[in-house]
Structure formats: structure tokens, C-alpha cells
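> Sharing a model that was predicted from the sequence below.
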Amino acid sequence: MTASLDASRAQRLDLLCIDTIRTLAMDAVEQAQSGHPGTPMALAPLAFLLYTRHLRHSPGHPDWPDRDRLILSAGHASMLLYASLFLTGYDLSLDEIRRFRQWGSKTPGHPERGLAPGVETTSGPLGQGFANGVGMAIAEAHLAARFNRPRHTIVDHHTFVIASDGDLMEGISHEAASLAGHLRLGKLISFYDDNHVTIEGPTDLAFSEDVPLRFAGYRWHVQTVEDGNDVAALDAAIARAKEARDRPSLVRIRTHIAWGSPHKQDSAEAHGAPLGKDEVALTKRGYGWTSQEPFHVPPEALAHARRCVGRGEAWEAEWRDRLAAYRRAHPDLAAAFEAALAGTLPDGWAQVLPAFTAADGAQPTRAASGQVLNALAPVVPTLIGGAADLAPSTNTLIRGSRDFEAGSYDGRNLRFGVREHGMAGVLNGMALHRGVRPYGATFLIFSDYMRPAIRLAALMELPVIYVFTHDSIGLGEDGPTHQPIEQLAALRAIPHLTVIRPADATETPYAWRAALEHRDGPVALVLTRQKVPLIDRSVHASAEGVLAGGYVLAEAGGGVPKVVLIGTGSEVALCLGAREILERGGVPARVVSMPSVEIFARQGAAYCDAVLPPSVPARLAVEAGQTFGWHRWVGPGGDVLGLERFGASAPGERIFRELGFTAENVAARARALLD
């Protein structure tokens, strides 16, 4: 009888906690007069079960390295996450719940990493969180393979993802799910909230595929729970998913949006708008809620849910004991593990960067980049990445390393396949996990496919490295479909993204150095397909100037310029050629190499003015791309030689010549400024 009463009381408390999540979601959205109440109301049982029975997490230490990760890919349902975090004891107050969607709150409309503790990623653009989950699972598998030893397991956790219909409609989820199935990531578990509702109405207006069958085709373990309120069925499905270690798992859950709302359940209205004061009151009454006071939290629900705090402390303490034993048994590995998590670079790592000389001759910067990457890989073991089926073209394979694949998770070469968007989302998840320094490569033109995930990497300030090759019309015969025009300007328009376009092989090692030293945001390395001349550093300034973003490469004769030529990438050689023409004609010309306008801008006004003197208004920027953004640097008395049209299919040298990218035309445009 006592056991029966205890079980009955536990079930009652479980339901009370579940309904607390629901009512907090309703109240927060109602007070903000903005938000999405329906999905938190439907998924409250799942969230409660995950946080209280299945997630190994520590609310008091949300960054504990071996915690399970939970990603709300359906970021519009953010109140599901905030209510669960508050209830289970994270440092998120009820006042912050009340301030949902308000200026300066920790509870923005869509979850943002770095605000509320326990939020693993910034989600909202649908499908992105799903791909982040795949990246986190890849990082976990790689670190486990690299560091775990017999009788010493220090990396062993799951990644859980909650996804909506919209997440699984977005193309990125197809790409990421296909990759996860191929890699057999057994510690990745995704829940599909099948509520049959989108903003426009029923999902069958535009979505009628068999999602479980689709995921079975990806080689996922698939289950279905027909009633999202069946706590026992959900509990059993999660347990089975955790046991399926040979492949990722999908649990389809049939839910009812705005569950319990007398007039809004199963309606599109409940997706993205407040229920209304009267409907909230009716719904609470249907739940048997004892108070109509907004944001009411029953003390017994809080006490019941916050048992997570003690459990989390015990799990974390047990892990720290294991880490201490590991440190005693494998001190060098333990030091490497802790350095990987901290993201620190080894002492003297930059000393291995190759120094290119005249003997190396002209070469594409993509080729120089490949040499730099392979010089770095042995001394920066956290580097792991690959390309979207373009590794030979982008020179991004780590020689001597195996592929990261099922059964060989210690490999450092990732084969992303033709999945640029999925790759970018996966890289974000890897960086979020910590312990690895991820990079991904493709042609610059295909950065357009990656842009949503690149933007989120910048928003989260993640240290992801992109290697973009075939950077201009110089790629030649593939023609305008593959020749970037607006891509450089578009990337530079993203806040917190650093773009570096080195001029030659000597600048490329410093570009990689700048990328690795930059920890507060993503970096795009932009590289040529075609050969570019090697700049003679015995005559011109050191390539170390790359670290300042822009520097005086060649000074004007007599040291006082009448015109300043600013170039990036392959066009720097044109500027040097134009300088010779101008100097012969009696026009002192300074050449500035500007591989990164973002890094240059960070140097401050004094340095910028020293490189680009305000007293010299005649400035010409030269870049084989859109001119957008350059007028900031050339000023009202300057000009930009760029492109306001698409390219053409022809040898690269011919295209450059036809479109005015010659030393002679650069010199003529510079003289025109003086006229």
C-alpha cells in the first residue's frame, strides 16, 4: 500500500510539474503579447521526462563537460526550455520568465547561447539546431575515441534534439540527418514533434511525407509514440533510444498543439500568438490549476523538479573523480584533454608555419593553405574538418590522418559530402561542444548555401574556420555560375565574421595564424584557384602585416605618396605592377595589402590613418568583386575598381584583362583620381 501511495504521489507531482511548464509558457506569452504557447503546452511531458529522468546534467554547473546536451531546434518554443530550466534549478529566475521577450532579459524570443544558463545553442531558424546536434555528436564521438582508455572513460554523453515539423521540412535537416546516419552516431537522439500544425494551417497543406520511413532510409533507429501525454510510453521510448548505440535515433511523438486549450488546441492560432486571457483561464481550469494568478508555481512542484540539482552534483562529482583517476593514470592525455576543452594552443605552435621563398615560385593560395594546414595538424591536434566533396580542390585533407567514419571516430578528415548547408550547421555544433577546432571547405560561390549557419556562428561568436577557394573570376572556364562576385561583400556584411583574403603564399601562413588566434567569432579564409606571384619580401614589407589586417606593402618613392593603391588577394600583384608604372611616370604610389578589413578596423584610428593617410585622398581599392563596402576606406576622393556584373566562361587571365583587371588599367584609374 505504501509503495502504491508513493507511486501515486510521484505521478501526481510529475503531472503538477508538467502543468507548471504549460502554465508558465501560457502566462509568459500572454504577458509579452508575443510568442508561441502551443508547442510548449504539447511537449511539456517530454521536456519534464528528459530533464528529470534521462538527461545527465548539473543545473548548478551547466558547463560540466560530460553533461548530456539538449537542443531545442524548434526555437520558437523557447518557453518550453526556459520553464524547464527554471523548474529544475538552473540560475534562471521567475522574474526572467516574467520578462520573456523583453529588452535585456535572459529569455529572448528564441533561445540565445550565453544568456540563460543551460541553453546549448542559439536556435530559431528551423533546422539549424538539428544540424548543431549532429555536430555535437560528432565532437563527442571524436573526443571519446581520442581520449578514453580502458577503465578510464571521461567522455560519454548523449545529444538530444527536439525538432518540429518545420525543422524536418528545411533542407538542412535532410543533409544533417543523412550524414548522421552514414556516420552511425549512436549517441544522437532526436524527437520529432508531429503536431500536424504549421503557421499556415495543417501540415498536409505542404507536407505529406512519411518522416519515420525517411529516417529509416537514413539508417536511423526509429520509434513512434502515439500519445505525447503518455509519460510511460515516452519514458520507455527514450530508454530504448539510449540503448541503440549503433545508430542515431528518431522518436516520432504525436502531440496536440496547445494541449488542453478548449478552443485553440490543434489550431494554427496557437502556434504563434497568445491564447488570450479568457482562453488561458479556461485552460488552467481544465488542468485543475488551483490559481489563476499569472506565473503561479506550486512549491511542491518546484521541490520535486529541483531534485535534479542534487543528482547533477553527484554525477558531476563522480565524473571529476574519474577525471582525477585518469589524470593519475594518463597525465599527458589528461593535460591534452583539458587544453582541448579550454581551446588553448600549444606553446610554440606558430613556429611550424612554413616560410615560402622565391624558390617556391608562383602558386595558388589554396595550395599554400594546404601546406600550412598540414604543417599545423601535428602540433594542433584539435583541428578537425573537411570539405563538401571538394577536399582535393580546396586542399583541406590532413595527410596521415584517417577519415572520421563509423568505427574510426579518431580520424580528423570529415567527408561532408555535397552538403554545404549541413556542413556549416554541423561545424557550429562541433564548436559549441568544445574540445575541437572545426574547419569546413568549399568554393566561395557556395558560401551562399552556408550563409544561415555562418550568420549563427557569428551571432554566437563561435571559433569556426571556413576555407573558401576559387575566390574570383580568376577561376576561369567554369564561368559565371561558379565565379563569386557579391560573396566577399556579403560575408563582410555579417557582424563578427572575419574575412581574410591573402595576397600570396607568404601571406597565407599568417592568415591561418590569425584565424587560429581569433577565438571570438568565425573566420573565412578566401583563397585563389589560380597561381599568384610570390611577393619578394626582401624588397617589400613582411607578410606579418596580415595580423594587422592591412599594412603598407610597398612605400611610395620618397616616402610621400600622392596615391594609395589598396588590394586584396590576387589583385595585390596588380597593384604592385601599377605602382611601378605610376612611379616611372613620376607619381609616387603606396601599395597597401588589405587581406582583412575587419582586423584592420580593430587596430584603431591611429594605425588606420598611418596606413591610409587622411592627407592622401586619392585612394584606389582594387578587388575582383562587388564594390560594396570599399567606399568606407577609399573616402570621398577615392575610387574602387571592382565588378558590378557577372563574369564569363574563359581562361582566367583573359577574363581579368577583358574586365579591366590589369596593372595598366589600375595605373590609369589611379591617375584619373589625381586629375
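Alright, I've got the coordinates.

> Show me the strands in the stretch 251-400 of the chain, by range?
Taking DSSP state E, counting those that start in this stretch as the criterion, the stretch 251-400 of the chain carries its strands at 383-387.

> And the stretch 51-200 of the chain, by the same measure?
Using DSSP E, counting those that start in this stretch, strands in the stretch 51-200 of the chain cover 69-72, 159-164, 188-194, 197-198.

> mind checking which of those strands is nearest residue 646?
Judged by Cβ to Cβ, the one of these that comes nearest to residue 646 is strand 197-198, at 36.5 Å. In this view, the C-beta of every residue, glycine as well, is placed from N, C-alpha and C.

> So in that sheet, which strands flank the closest one, and in what orientation?
Here strand 197-198 is paired, per DSSP bridges, with strand 201-202 (antiparallel).

> Tell me the first helix or strand C-terminal of the lowest-mean-pLDDT helix or strand in the chain.
Ranking every helix and strand in the chain by mean pLDDT, DSSP states H and E puts helix 2-32 at the bottom, with a mean of 89. Proceeding N to C from helix 2-32, the next assigned helix or strand is helix 38-49, under DSSP states H and E.

> What helices and strands are in contact with that next one?
helix 2-32, helix 78-87, strand 159-164, strand 188-194, helix 231-243 (3 or more Cβ pairs under 8 Å, 6 or more residues apart in numbering; DSSP states H and E).

> mind showing which ranges of the protein have poor pLDDT?
1-5 (pLDDT under 70).

> If you count neighbours, what's buried in stretch 408-424?
409, 411-417, 419-424 (16 or more other Cβ atoms under 10 Å).

> any chance of those in CSV, plus secondary structure?
What follows is the buried residues of stretch 408-424, written out as CSV (DSSP: H, G, I helix; E, B strand; the rest coil):
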residue, secondary structure
409, coil
411, coil
412, coil
413, strand
414, strand
415, strand
416, coil
417, coil
419, coil
420, helix
421, helix
422, helix
423, helix
424, helix
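
> ok, so what distance separates the nearest residue to residue 238 once chain neighbours are set aside from residue 259?
Closest residue to residue 238 apart from its sequence neighbours, by Cβ to Cβ, 6 or more residues apart in numbering: residue 54 at 5.1 Å. Applying Cβ to Cβ, to the nearest Å, the value for residue 54 to residue 259 is 21 Å.

> just residue 441 next, same as before
Applying Cβ to Cβ, the value for residue 441 to residue 259 is 45 Å.

> Mind checking which of the two has more residues around it?
Between residue 441 and residue 259, counted using other Cβ atoms under 10 Å, residue 441 has the larger neighbour count: 29 against 25.

> The more buried one is in what secondary structure piece?
Residue-wise, residue 441 maps onto strand 437-443 under DSSP H and E.

> Pull whatever helix or strand comes next after that strand out as PDB, backbone CA atoms only.
Following strand 437-443 in sequence order, the next helix or strand is helix 447-460 (DSSP H and E). Presented in PDB, the C-alpha positions along helix 447-460 are these (Å, rounded to 0.1, in the frame of the first residue of the first chain):
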ATOM      1  CA  SER A 447      29.200  30.000 -49.200                       C
ATOM      2  CA  ASP A 448      25.700  31.200 -50.200                       C
ATOM      3  CA  TYR A 449      24.400  27.700 -49.400                       C
ATOM      4  CA  MET A 450      26.000  28.100 -45.900                       C
ATOM      5  CA  ARG A 451      25.000  31.600 -45.100                       C
ATOM      6  CA  PRO A 452      22.300  31.000 -42.500                       C
ATOM      7  CA  ALA A 453      24.600  28.800 -40.400                       C
ATOM      8  CA  ILE A 454      27.500  31.200 -40.900                       C
ATOM      9  CA  ARG A 455      25.300  34.000 -39.600                       C
ATOM     10  CA  LEU A 456      24.500  32.000 -36.500                       C
ATOM     11  CA  ALA A 457      28.200  31.100 -35.900                       C
ATOM     12  CA  ALA A 458      28.800  34.900 -36.000                       C
ATOM     13  CA  LEU A 459      25.900  35.600 -33.700                       C
ATOM     14  CA  MET A 460      27.200  33.000 -31.200                       C
END
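
> Wait, residue 259 touches residue 42, no?
Yes - using Cβ atoms under 8 Å, residue 259 is in contact with residue 42, at 5.0 Å.

> tell me the centre residue of the chain?
Centroid-nearest residue in the chain: residue 428, 2.8 Å away (criterion: Cα atoms, centre = their mean).

> give me phi/psi at that residue?
The phi and psi values for residue 428, taken as degrees, to the nearest 10, are phi -60, psi -40.

> Please shift the residue numbers so they start at 11 in all later answers.
Will do, 11 is the new start, and the previous item becomes residue 438.

> And the least confident helix or strand of the chain, what does it pack against?
Helix 12-42 is packed against helix 48-59, helix 88-97, helix 104-108, helix 287-297, helix 309-315, with contacts defined by 3+ Cβ pairs under 8 Å, 6+ apart.

> And that helix, what's buried?
23-42.

> if we can go back for a sec, who's in contact with the strand holding residue 451?
With contact meaning Cβ atoms under 8 Å, 6 or more residues apart in numbering, strand 447-453 is reached by 145, 353, 390, 392-398, 400-401, 403-404, 406, 424, 426, 430, 433-434, 436-437, 440-441, 459-460, 473-480, 485, 492, 494, 526.

> Secondary structure class of the nearest residue to residue 366 once chain neighbours are set aside, three-state.
Using Cβ to Cβ, 6+ apart and skipping the chain neighbours, the partner closest in space to residue 366 is residue 515 (4.0 Å). Per three-state DSSP, the secondary structure class of residue 515 is coil.

> Give me the number of neighbouring residues for residue 515.
Quick note: residue 515 (other Cβ under 10 Å) scores 28 neighbours.

> residue contacts, it?
Residue 515 sits next to 366, 370, 373, 375, 377, 378, 542, 544 when contact means Cβ under 8 Å, 6+ apart.

> Relative to residue 403, how far out is it?
Residue 515 sits 18 Å away from residue 403, taking Cβ to Cβ as the criterion.

> and residue 451, what are its bridge partners?
Here residue 451, judged by DSSP bridges, has bridge partners residue 397, residue 477.

> and the gap between it and residue 537?
For residue 451 relative to residue 537 (Cβ to Cβ), the value is 9 Å.

> Name the residues contacting each of the two.
Counting by Cβ under 8 Å, 6+ apart, the common neighbours of residue 451 and residue 537 are 404, 477, 478, 479.

> of those, closest to residue 646?
Nearest to residue 646, judged by Cβ to Cβ, of the shared contacts of residue 451 and residue 537 is residue 478 at 31.6 Å.

> quick one: contacts of stretch 607-625?
Applying Cβ under 8 Å, 6+ apart, the contact partners of stretch 607-625 are 502, 507-510, 524, 557-562, 571, 574, 576, 602, 604, 629, 639, 643.

> Residue 540 belongs to a strand?
No - counting by three-state DSSP, residue 540 is not found in a strand; it is coil.

> pretty sure it contacts residue 374?
Yes - counting by Cβ under 8 Å, residue 540 touches residue 374, with 6.0 Å between them.

> These two: which is more packed in?
residue 374 (24 against 21).

> Skip the chain neighbours and tell me the closest residue to the more buried one.
Spatially, and ignoring its direct neighbours in sequence, residue 374 is nearest to residue 538 (4.9 Å; Cβ to Cβ, 6+ apart).
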